[in-house]
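Undergrad: Predicted coordinates and the sequence they were generated for:
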Amino acid sequence: MSTGRIVILGVGNPLMGDDGFGLAALDRLRQDWLLPDRIELVDGGTWGMQLLPVFEEAEEILILDAIEAHLPAGSPVELEKEELPRLFRLRVSPHHVDLEDVLALLEFRGTQPPRIRAMGVNPGLVDWGMGLSPAVDAAIPAFLDRVADYLRGRGVALAPRAAVPCTS
């Protein structure tokens, strides 16, 4: 059984519809599941290169994201470490650092965690606007069950939080 730190990173832009899936899923994971201390939940937002030490100190990184795979909206998609893009690209602004750049730098420095995996769903609508499409929003519970199954397979003891009855 593994005892190292696992970073679960939610990424995406909640101002771009289904692109906000990774952050929505991270929030629901935080609310709905009891996780051990060795799991660190990180909102990837605009951290950029500030994520580097977080990743270098982890045994594993699990990225939650909307992943375009040309499937119906809400369909599960998973990528292994070797399938993740790692390249430096021209940026619109010098302040724009992408997760791909962080992964590329980890690889260049030889400090990648042993395991990196991305789990998500295929987005339906990625355009200006708040909130997830109905199909992507409806996929969150089954997605979190898949994340829980994956973590259990990695030796992580986790459980759903008990529902609290409404007393008002």
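TA: It's in.

Undergrad: make it CA atoms for all contacts and neighbour counts henceforth
TA: OK.

Undergrad: Looks to me like Asp101 is in a helix.
TA: Yes: checked against DSSP: H, G, I helix; E, B strand; the rest coil, Asp101 lies within a helix.

Undergrad: Just give the number of residues close to it.
TA: Neighbours of Asp101 under the rule other C-alpha atoms under 10 Å: 18.

Undergrad: For the remainder of this discussion, apply numbering that starts at 885.
TA: Okay, residue one is now 885; in that scheme the one you just asked about reads as Asp985.

Undergrad: for the protein, what spans make up the strands?
TA: With DSSP state E as the criterion, the chain has strands at 890-894, 917-918, 923-927, 944-950, 960-964, 999-1005, 1043-1044.

Undergrad: and Asp902, which of these is closest to it?
TA: Comparison of the strands of the chain against Asp902 by C-alpha to C-alpha identifies strand 944-950 as nearest, at 6.8 Å.

Undergrad: Now do the helix or strand of the chain with the lowest mean pLDDT: which elements does it pack against?
TA: Ranked by mean pLDDT, DSSP states H and E, the weakest helix or strand in the chain is helix 983-993, scoring a mean of 88. Under the contact criterion of 3 or more C-alpha pairs under 8 Å, 6 or more residues apart in numbering; DSSP states H and E, helix 983-993 touches helix 935-940.

Undergrad: Buried residues, stretch 1019-1026. List them.
TA: By neighbour count on 16 or more other C-alpha atoms under 10 Å, the buried set for stretch 1019-1026 is 1019-1021, 1023-1024.

Undergrad: How about residues contacting it?
TA: 902, 905, 909, 957-959, 1005-1008 (C-alpha atoms under 8 Å, 6 or more residues apart in numbering).

Undergrad: between the strands of the chain, which gets nearest to Arg993?
TA: strand 999-1005 (15.7 Å).

Undergrad: Flag the shaky bits of the chain, pLDDT-wise.
TA: Counting by pLDDT under 70, the chain has low-confidence residues at 885-887, 930, 970-981, 1048-1050, 1052.

Undergrad: which residues does the residue most central in space within it bridge with?
TA: Residue closest to the average C-alpha location in the chain (C-alpha atoms, centre = their mean): Leu948, at 1.8 Å. Note on Leu948: beta-bridge partners by DSSP bridges are Gly894, Met1003.

Undergrad: Now do the biggest helix by length in the chain against strand 890-894, angle only.
TA: Using DSSP state H to define each element, the chain has its longest helix at helix 1024-1037. Between helix 1024-1037 and strand 890-894, the angle comes out at 160 degrees (axes from the mean of the first three to the mean of the last three C-alpha atoms, to 10 degrees).

Undergrad: Okay then, goodbye and thanks.
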